[in-house]
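Asks: quick one, structure for this:
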Amino acid sequence: MHIWRSRRGGASLAVLALLFLLGACGNGGDGDHPSGNGTGSAADRLDLKAACPSTIVVQTSWLPDPVAAGALYYLLGPNPEIDAGKKRVTGSLMAQGKDTGVKLELRAGGPAIGFTPVSAQMYLDPDITLGMPKVDEQIQLSAKQPTRAVLALVEKDPQMIMWDPGKHPDFTAIKDIGQTNAKVLYVGGDTYMEHLIGSGILKRSQVDGSQDGSPARFVASGGEITQAGYATVDPYTYQNVVKQWGKPVTFQLVYDTGYPNYGEILAIRARDKDKLAPCLRKLVPIIQQAQSDVMAKPDQTIDLTVQLNDAYKGGIPYTKESAAFAAQQAKTLGLIGNGSDGTIGNFDTARVQKMIDITKPIFAAQKKPTKDGLTPEQIFTNEFTDAKIGLGTQ
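Replies: The predicted structure follows:
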C-alpha cells in the first residue's frame, strides 16, 4: 500500500515524493567577484583534496530525485555506500570522469529528518557542509539561522495549482480560480499562498490549508476542487498512479503569478563563507557542469535515485517512469536552464529583492521577523559560479 505524504521543507509541499523539482537561475550578481573559476589546468580544477573537507556533506531537501538534486547524485562515483537506515549515500566525488580526491555524502531530507527545514537542520548538525533550502525559507530564517546561497540548482520552483480541465474548462490560470468559489486545497503555512491571497489572485475564503498529501479529496470531489502540488510530480501521478483518477490535470506554476521563487538552491551557513571559499571556487563550477551533463543524459542518475528510494523504503511511489517524467518536465517547463546571461546556476539580484519585498511583510504578520535591513547580497553570492558554464556546455 502506498503512503501519501505532504512535503514540508521550509515553505514547501509535495504530494508524493519522487520529486521535483526544478532550475538554474538568473542574471545579475552581487559584485563580490567577477566569474572566472575556469582558469588553471583541468587536473587542478578537478582536484578538491587540498581545498575541501575530506567528505562534503550535503543535506538535500527530500528523498533522492533526478531534478532538485540530480547534479549531486550525478557526481557520486561507482558503487557508492548506501546507509538505508540513515537514508544517506556516500561515494567518491567524480567530476568529468576524474576522482576529485574527496568524498560526497548526500543525506535525504523531508521525512528522513522529520520534515525539519533544511536551514534549521544545517544549524543542528555542524557536519553538514551545504544544504538545499529555497529562497523564501532563507528569508524566513535570516535573523537566527542565516544561510547564503552559492548556486541555484533549480531556476523555477515547480510549485503549482492544478485543476480538472473537464470540470473547469474555462480555467487557464490560477487567477481564473479566484474569480470563482472553487476550493483550493494546499498545505497550511506555505508562504506562496499568502502571496496569492495578498495580491488578490485568490480569496482567503476559498483556500483550505488542510491538505495532507493524499489524492482522496481531489478524487472524491470529481475534480470540483483545485489543489496545490508539484509540476514535476503530480501530473504524472494523477494520470498514471492514482487509478481512481487516471486522466490529465491542468496547472499553472505559482512562479508565473509573480512569485519568482527559485526551486532548491545550494547554500552554506552564512558564517562559513570565508572558511569554505577555497573549496567553493572549485566545487561550484563542478556542480554547474554536472547540472548541464545530467540534463543531457539523465538515465544514470534516474537509475541511482530509483535504487536509493527502494533502499530507503520511504513508502512513497517512485519509479523509473515517474523519475523520467520529472526530468523531462524540468526541460519542458524550463525549471532547469540558463539565466538570461547564458549561465547556469547564478542568481538575479532584482529577483531576490522581489522575493524579500513580497515575503518580509508576510513573515512579519506571522510574527517571524526577518533580519533587519536584509539585502539580496546577504541571501546569495555569485562569486563562485563560472559564467562560461551553461546548459549544453560540454
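
Asks: make it CA atoms for all contacts and neighbour counts henceforth
Replies: OK.

Asks: let me know the next secondary structure element after the longest helix seen in the chain.
Replies: Ranked by number of residues, the top helix in the chain under DSSP state H is helix 273-296. Later in the chain than helix 273-296, the nearest helix or strand by DSSP states H and E is helix 299-312.

Asks: quick one: buried residues of whichever helix or strand comes after that next one?
Replies: Using DSSP H and E, the helix or strand that directly follows helix 299-312 along the chain is helix 320-332. Neighbour-count burial for helix 320-332 flags 320, 322, 323, 324, 325, 326, 327, 328, 329, 330, 331 (criterion: 16 or more other CA atoms under 10 Å).

Asks: thought residue 234 was touching the second one, still the case?
Replies: So that's residue 322. No - applying CA atoms under 8 Å as the test, residue 322 and residue 234 come out as separate, 9.6 Å apart.

Asks: per-domain residue ranges of the protein.
Replies: 42-156+261-378, 159-257 (automatic domain parsing).

Asks: which of these sits most buried?
Replies: domain 42-156+261-378 (a mean of 21; mean count of other CA atoms under 10 Å).

Asks: and that domain, end to end?
Replies: Domain 42-156+261-378 has an end-to-end distance of 32 Å (criterion: CA to CA, to the nearest Å).

Asks: could you do stretch 79-91 as well?
Replies: 7 Å.

Asks: identify the residues contacting it?
Replies: With CA atoms under 8 Å, 6 or more residues apart in numbering as the test, stretch 79-91 has contacts from 76-78, 92, 103-108, 112, 308, 311-312.

Asks: quick one: contacts for residue 124?
Replies: Residue 124 neighbours (CA under 8 Å, 6+ apart): none.

Asks: off-centre distance for stretch 327-341?
Replies: Distance of stretch 327-341 from the chain centroid (CA atoms, centre = their mean, to the nearest Å) equals 13 Å.

Asks: quote the end-to-end distance of it.
Replies: Per CA to CA, stretch 327-341 runs 23 Å from first to last residue.

Asks: low-confidence ranges, the chain, go.
Replies: In the predicted model of the chain, residues 1-40, 394 satisfy pLDDT under 70.

Asks: what residue lies at the spatial centre of it?
Replies: Computing the C-alpha centroid of the chain and ranking residues by CA atoms, centre = their mean puts residue 264 first, at 2.5 Å.

Asks: you'd agree it is up against residue 153?
Replies: Yes - Residue 264 lies in contact with residue 153 (CA under 8 Å); the separation is 5.7 Å.

Asks: tabulate the domains of the chain (TSV), appending distance to residue 392.
Replies: Formatted as TSV, the domains of the chain follow (distance: least, CA to CA, whole Å):
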stretch	distance to residue 392
domain 42-156+261-378	6
domain 159-257	21
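
Asks: and these: which comes nearest residue 390?
Replies: domain 42-156+261-378 (4.5 Å; CA to CA).

Asks: show me how far that closest one is from its chain's centre.
Replies: Distance of domain 42-156+261-378 from the chain centroid (CA atoms, centre = their mean) equals 7 Å.

Asks: ok, now which ones touch residue 364?
Replies: By CA under 8 Å, 6+ apart, the neighbours of residue 364 are residue 370.

Asks: that one belongs to a strand, doesn't it?
Replies: No - looking at residue 364 with DSSP: H, G, I helix; E, B strand; the rest coil, it is helix, so not inside a strand.

Asks: where's it relative to residue 372, distance?
Replies: 11 Å.

Asks: what's the answer for residue 184, then?
Replies: Note on residue 184: its distance to residue 372, by CA to CA, is 34 Å.

Asks: repeat that for residue 81.
Replies: From residue 81 to residue 372 the distance is 43 Å (CA to CA).

Asks: helices and strands around the top strand by length along the chain, which ones?
Replies: Criterion DSSP state E: the longest strand present in the chain is strand 98-107. Judged by 3 or more CA pairs under 8 Å, 6 or more residues apart in numbering; DSSP states H and E, strand 98-107 is in contact with strand 55-59, strand 88-95.

Asks: wait, which of those is closest to residue 205?
Replies: Short answer: strand 55-59, nearest of those by CA to CA, at 37.0 Å.

Asks: who does that closest one touch, helix- and strand-wise?
Replies: With contacts defined as 3+ CA pairs under 8 Å, 6+ apart, strand 55-59 has these neighbours: strand 98-107, helix 118-124, strand 130-131.

Asks: alpha carbons only: can I get that strand in CSV?
Replies: Extracted C-alpha coordinates of strand 55-59, given in CSV (Å, rounded to 0.1, in the frame of the first residue of the first chain):
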residue,chain,number,x,y,z
THR,A,55,33.9,14.5,2.9
ILE,A,56,31.5,17.1,1.6
VAL,A,57,28.1,16.6,3.3
VAL,A,58,25.0,17.9,1.6
GLN,A,59,21.6,18.0,3.3
